[in-house]
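J.: Need the 3D shape of this:
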Amino acid sequence: MSQKYRQAEITQEIVKWMQANPGHALPSVREWAQCLKMSTRTVRLALQAMVSEGHITAKTGSGYFPPGFLPAVFVRSPLKPGSMWETIAKRLIADCQSGLLSALRDFPSLKELCVQYDVSPPTMRKALTSLQAQKFLERSGRHWRLPLPSVKRKVAARVVRLVCSATDTELRIESSREQEFLRSLSGECFRMGLQLQIVGYEDRTDHPHFVWLNGKTHLRLPAMEGLVGTIFSTWHIRDAGVCLAALVREGMPVSVWLEAGAQAGVAHQFSRRDRSAFFDVGYGEEPGRTVGVFLLAQGHTQVAYISPFHGSEWSRERERGLRSALEEESGRLLSWVDENYLHAWSFRDQVIASTDWAKLLPAQKRMFAICGGWSASKQSENELVPLKECAFDLARNQRISRLLEPMFKQALLDPKVSAWVLANDLVADLARQFLAHKLPLGQWPHLVGFDSTLPSYVYGIDSYEFNTSGLTQQMLYHIVAPKHPQFARGGVLHLKGRVVGKGKHQQEF
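T.: Have a look, this model is predicted:
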């Protein structure tokens, strides 16, 4: 976290405090530092910046006051008490639960932690020692980490099972985030010496059942030798509670990835005695808020939000989070949205339903033949799948572009709007293509998307990156250490992401 961002956060909290306590002197620098989990130096720099900008006034030996308010006798409202090391200990716990600190690897060195949390070595050491006494952390040589059970050596031949949505022939892996999760999970299992077995779950039939990739189906899960726990992805599952009930009956730890906020009710149906833990990496307002704070730090206060997928909960939550972050700093958000669609797959389904592939195929064959990619001897249905997928994706993007074009034109009409936040990276790339035909590059609004996909790197588009690596580590950690204190409270653990800046905004928030 940059010094500029920390000072902006402190300024925001001080302004909110002054609004809630009119006519009172500001608390002392030390009190602010303890409450905001910052060093006294950082707080003092933020206060001095507010003085120079005229937001507050200072009197030597007396402290800081609202502008124009320097009485001889003043009232100082106290902040919530608490020592610095206790504050740092709480931040360490929160950062472990949100995935900012690795669940399966050593923490940074003591020196690096002191820089990261902006505290002295004695303060950081006392915070770490206190968490060790609570069995939240353990020391490994010169580093600290979440404690791993001694069974680590014994699990070399043990199995972690992944259950996710599937048809009777293939898994339903439809988004880049799901693909990244699967790659990350496979890599972490390999590093830990765990075997990963994937089982599908089909509940779009009258008789929901489990599916093995070899084609076998079972209404119930058979016993599995060496199983240490199950990771369950609720993506595309219609009734996650039914599947989860079958998983917890095995008596093994279950780590659940919730796709959407509407599924949070499942977490309340299954208590801690079920050895289940629930994780979220994308829903809620946090991604939108993080993008809002990022844009404010770049000086953008007039922002547009553009989404053709506003029929979805995730799009509405991103808009709310973005709006709240901007309005807290007197910013303004203008929205151009369409509530008739949930996601890009809604458009793709329309394309599939309306496309006469028998008429389209000859033209596509000729195109491939010209490019040397089509052979008359290779005309099986399976070999046509990539061709169909490419055609469907192109037609999908054309439909989304036609819907977005009036929104883009309206957003350009307001000269005060200096940044566009797009629903995801696909929409951000379509905005890039639209602007390329309308304005010189230097006159473009600042574009920010979500998902941090490959095109965002290729074209230099800032994007919110969801913490899928932290998600896989936390879920696996719950499998091998289900009794760790961070899982004792139940509920949902929310993994925090970051905005990855590209081009001239190469920084992370």
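J.: Can you show me the helices along the stretch 1-150 of the chain?
T.: Taking DSSP state H, counting those that start in this stretch as the criterion, the stretch 1-150 of the chain carries its helices at 3-20, 29-36, 40-52, 84-97, 110-117, 121-133.
J.: Could you give me the buried positions within the lengthiest helix in the chain?
T.: As assigned by DSSP state H, the longest helix anywhere in the chain is helix 381-413. Under the neighbour-count criterion of 16 or more other Cβ atoms under 10 Å, helix 381-413 has 384, 387-388, 391-392, 395-397, 399-401, 404, 407-408, 411-412 buried. Quick note: C-beta positions are derived from backbone N, CA and C, even for glycine.
J.: Just name the closest of those residues to residue 24, please.
T.: residue 411 (42.1 Å; Cβ to Cβ).
J.: Sticking with residue 282, tell me its helix or strand.
T.: When elements are assigned from DSSP states H and E, residue 282 belongs to no helix and no strand.
J.: Over to residue 188?
T.: Judged by DSSP H and E, residue 188 forms part of helix 176-192.
J.: List the neighbours of that helix that are in contact with it.
T.: Contacts of helix 176-192 with the rest of the structure, by Cβ atoms under 8 Å, 6 or more residues apart in numbering, involve 104, 152, 155, 160, 162, 164, 173, 195-196, 231, 233, 235, 257, 281-282, 451, 453, 466, 468-469, 471-473, 475-476, 480.
J.: from the buried residues of helix 381-413, which two are the most distant?
T.: Going by Cβ to Cβ, the pair spanning those furthest: 384 and 412, at 40.7 Å.
J.: that older thread, return the item of the buried residues of helix 381-413 having minimum pLDDT.
T.: Among the buried residues of helix 381-413, residue 384 has the lowest pLDDT, at 53.
J.: one step back: which of the contacts of helix 176-192 fall in strands?
T.: 160, 162, 164, 195-196, 231, 233, 257 (DSSP state E).
J.: And the residues you listed, which of them are buried?
T.: 160, 162, 164, 195-196, 231, 233, 257.
J.: Let me have these in a markdown table, extended by pLDDT and distance to residue 489.
T.: Converted to a markdown table, those look like this (pLDDT from 0 to 100; distance: Cβ to Cβ, whole Å):
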| residue | pLDDT | distance to residue 489 |
| --- | --- | --- |
| 160 | 92 | 24 |
| 162 | 93 | 25 |
| 164 | 92 | 26 |
| 195 | 92 | 31 |
| 196 | 93 | 28 |
| 231 | 96 | 20 |
| 233 | 93 | 23 |
| 257 | 93 | 19 |
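J.: CA atoms of the helix holding residue 188 as PDB?
T.: Taking C-alpha atoms only, helix 176-192 is exported to PDB below (Å, rounded to 0.1, in the frame of the first residue of the first chain):
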ATOM      1  CA  SER A 176     -11.600 -17.000 -16.700                       C
ATOM      2  CA  ARG A 177     -11.800 -16.900 -12.900                       C
ATOM      3  CA  GLU A 178     -12.900 -20.600 -12.800                       C
ATOM      4  CA  GLN A 179     -10.100 -21.500 -15.100                       C
ATOM      5  CA  GLU A 180      -7.500 -19.700 -13.000                       C
ATOM      6  CA  PHE A 181      -9.000 -21.300  -9.800                       C
ATOM      7  CA  LEU A 182      -8.600 -24.800 -11.300                       C
ATOM      8  CA  ARG A 183      -5.000 -24.100 -12.400                       C
ATOM      9  CA  SER A 184      -4.100 -22.600  -9.000                       C
ATOM     10  CA  LEU A 185      -5.700 -25.500  -7.100                       C
ATOM     11  CA  SER A 186      -3.900 -28.100  -9.200                       C
ATOM     12  CA  GLY A 187      -0.500 -26.400  -8.600                       C
ATOM     13  CA  GLU A 188      -1.000 -26.000  -4.800                       C
ATOM     14  CA  CYS A 189      -2.100 -29.700  -4.500                       C
ATOM     15  CA  PHE A 190       1.000 -30.800  -6.400                       C
ATOM     16  CA  ARG A 191       3.200 -28.600  -4.200                       C
ATOM     17  CA  MET A 192       1.700 -30.100  -1.000                       C
END
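J.: Output the below-cut-off pLDDT ranges for the stretch 401-509 of the chain.
T.: Low-confidence segments of the stretch 401-509 of the chain, defined by pLDDT under 70: 503-509.
J.: ok, back up a step: now the two most distant members of the buried ones among the ones in strands among the contacts of helix 176-192.
T.: Farthest pair in these, by Cβ to Cβ: 195 and 257, 19.7 Å.
J.: domains of this structure?
T.: 3-65, 84-145, 150-282+469-497, 286-465 (automatic domain parsing).
J.: give me the beta-bridge partners of the closest residue to residue 63 other than its chain neighbours?
T.: For residue 63, ignoring the flanking residues on the chain, the nearest one in space by Cβ to Cβ, 6 or more residues apart in numbering is residue 25 at 5.7 Å. Counting by DSSP bridges, residue 25 is bridged to residue 76.
J.: What count of nearby residues applies to residue 25?
T.: By the measure other Cβ atoms under 10 Å, the count of residues near residue 25 is 19.
J.: wait, doesn't it sit right on residue 57?
T.: No - contact criterion Cβ atoms under 8 Å: residue 25 and residue 57 do not qualify, at 10.3 Å.
J.: ok, residue 96 - contacts?
T.: 103, 136, 146, 486.
J.: Adding distance to residue 64 and neighbour count as columns, could you present those in JSON lines?
T.: JSON lines is the format used below for the contacts of residue 96 (distance: Cβ to Cβ, whole Å; neighbours: other Cβ atoms under 10 Å):
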{"residue": "103", "distance to residue 64": "40", "neighbour count": "24"}
{"residue": "136", "distance to residue 64": "36", "neighbour count": "18"}
{"residue": "146", "distance to residue 64": "40", "neighbour count": "23"}
{"residue": "486", "distance to residue 64": "37", "neighbour count": "18"}
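J.: right, and out of these, which lies closest to residue 345?
T.: For the contacts of residue 96, the nearest to residue 345 is residue 103 (31.6 Å; Cβ to Cβ).
J.: returning to what we had before: for residue 212, which of the helices of the stretch 1-150 of the chain is the nearest?
T.: Comparing the helices of the stretch 1-150 of the chain by Cβ to Cβ, helix 84-97 comes nearest, at 34.0 Å.
J.: Tell me which stretches of the stretch 401-509 of the chain form helices.
T.: 425-436, 454-458, 468-480.
J.: most packed of these?
T.: Highest mean neighbour count among those (mean count of other Cβ atoms under 10 Å): helix 468-480, with a mean of 25.
J.: okay, and the helix or strand of the protein with the least pLDDT?
T.: helix 357-370 (a mean of 53; mean pLDDT, DSSP states H and E).
J.: among the helices of the stretch 1-150 of the chain, which is nearest residue 210?
T.: Judging these by Cβ to Cβ, what sits closest to residue 210 is helix 84-97, at 30.9 Å.
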